[in-house]
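Visitor: Got a predicted structure plus its sequence, pasted below:
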Amino acid sequence: MVTVELKKLARPILLLVALLITFVFYKQELSFLHDFWPNGDLVTVYDYASDWQHRFGQTLGEREIKQVEKEYNTLVQQADEIISENSTAQQLQLQNYTEFEIWHEENDPLVKIDEMNNEEKKIAEQKNSLQQNLVDKNGNSMVPKIEVFQDLSSSMQIFDSPKKFFINEDFTEKEQRKLSTILFTENGWRNIMPSFLTSTVSSYFENMLILAILLMSLLFPAIFVRDRLLGLQKLQWSSRRGRKMLWTQFASGMIASFLLITCIVGFFGSLLFFTDFTQYFSNGLNSFFSEYDSETLLVSFYHWTFSQWLVNIIMLVYLIGMAYSGILFFLSQTSPHYLSLLMKIVPIGFIFIFIANRVLKDAFYLKNEVYQWTKIPMVECYAGILLFIGGISLPIILCIRQQRKDLLN
């Protein structure tokens, strides 16, 4: 009987609409990770991470840090030579790259080009002239390489000193004790994990869950309301398996939802294997690549690799998605018509999307909002499990009550 109910859920027109929604959603949301990430200054950050990953492995030891510092000094020396020989730099009396940085900072226009006066336009032209000459042998600009390495070097110095790292008041004493062991005693900060990678990937899976919520809302609950409006439910209940029919429909709805989530996660998740991010799958979560000023709390208590973290993220997607599936079945059985069902699904759907954002955003990091509210480690898992239990409890109670009611009649 479950197969019969599953066949009812597979309506060709709705499936075509679901495919169209999936395509549009991919173009609008999911394609960002594949087509536009990394971008801006982060391209140089990821270039450094990839280069160091291939040359040194998953972590940077003291010897490797000294080597990259030596390479940085060589790069600055090349920039110094270019600055000293540049005619514009000579007019400005700039002897080396450090003086160029100071001049650039002091004279950097804070307005748009069309709002600049003549003097500001002249400074902008001088800056562009100098930067265009600051290129390496391969024709790549030296400026972002130097700036990014300076930021990474500063981050290394902060992570290498617990006193500097914990000067920020965002950490409680308990958090400081745990992080001291993970980051400093065990040198967890030395992992190579590019900036914002886990944040972007968690957002990617959050969008998968949102897509699953949209498609489940479209495909499944209306079928059960339709059966009741056409009187099919009464005919089914009069059959030999009548008293168990609601359980069959509940099981078919949960199975269909599980298969839908699996298809979404399986297909779009597999696309990650076609990116360069696979090289970090065996790396730890904590890293000096985190920008201390903007990502102070993007540190984790857990000794997980990136791939282990992904498994836990996928588990959360399943827990929240299956909880929503249970709620949908409950709403379909308590809605007398389509309009009533729609009026219930819309707010519940938005609530689940809100929950998904709070649970999955920076999941298993101290920066996660649910953790910041509760200060409970692994609270993301607890939240997902509670949602799942609550989501399937309502339809189970409904099925038991309806079965007893049927028996009494």
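Guide: Done, it's in. Numbers count the residues shown, from 1 in each chain.

Visitor: Can you pull up the most central residue in the chain?
Guide: Centroid-nearest residue in the chain: Ser202, 2.1 Å away (criterion: C-alpha atoms, centre = their mean).

Visitor: Next, the buried residues of the helix or strand harbouring that one.
Guide: Using DSSP states H and E, Ser202 falls within helix 197-219. For helix 197-219, burial by neighbour count (16 or more other C-beta atoms under 10 Å) applies to 197-217, 219. C-beta here means a position set from N, CA and C on the backbone, and glycine is covered the same way.

Visitor: by contact count, what packs against that helix?
Guide: With contacts defined as 3 or more C-beta pairs under 8 Å, 6 or more residues apart in numbering; DSSP states H and E, helix 197-219 has these neighbours: helix 12-25, helix 31-35, helix 245-270, helix 306-333, helix 338-360.

Visitor: domain ranges for the protein?
Guide: Split into domains by automatic domain parsing, the chain comes to 2-39+192-408, 60-159.

Visitor: By mean pLDDT, show me the worst of those.
Guide: Here the lowest mean pLDDT among the domains of the chain goes to domain 60-159, at a mean of 79.

Visitor: distance between that one and the chain's centre?
Guide: Distance, stretch centre to chain centre, for domain 60-159: 32 Å (C-alpha atoms, centre = their mean, to the nearest Å).

Visitor: Between the two ends of that domain, what distance do you get?
Guide: 13 Å (C-alpha to C-alpha, to the nearest Å).

Visitor: Out of the domains of the chain, which is the most enclosed?
Guide: Highest mean neighbour count of these: domain 2-39+192-408, a mean of 17 (counted as mean count of other C-beta atoms under 10 Å).

Visitor: next one: that domain to chain centre, how far?
Guide: The answer for domain 2-39+192-408 is 15 Å, by C-alpha atoms, centre = their mean.

Visitor: Show which residues not belonging to stretch 21-37 make contact with it.
Guide: With C-beta atoms under 8 Å, 6 or more residues apart in numbering as the test, stretch 21-37 has contacts from 200-201, 204, 207-208, 210-211, 214-215, 218, 264, 268, 271-272, 274-275.

Visitor: Same check on stretch 40-60?
Guide: The contact list for stretch 40-60 (C-beta under 8 Å, 6+ apart) reads 38, 64, 68, 144-145, 147-149, 152, 187, 190-196, 276, 279-280, 282-284, 288-289.

Visitor: Apply 7 Å and report the result again.
Guide: Identification of contacts with stretch 40-60 by C-beta atoms under 7 Å, 6 or more residues apart in numbering yields 38, 64, 68, 144-145, 148, 152, 190-192, 194-196, 276, 279-280, 282-283, 289.

Visitor: Show me which positions of that stretch end up buried.
Guide: 42, 44-50, 52-53, 56, 58-60.

Visitor: Lys127: which of the helices and strands packed on helix 197-219 is closest?
Guide: With C-beta to C-beta, the closest approach to Lys127 among those belongs to helix 31-35: 30.7 Å.

Visitor: which element follows the closest one toward the C-terminus?
Guide: helix 42-56.

Visitor: That next one - what's its average pLDDT?
Guide: 89.
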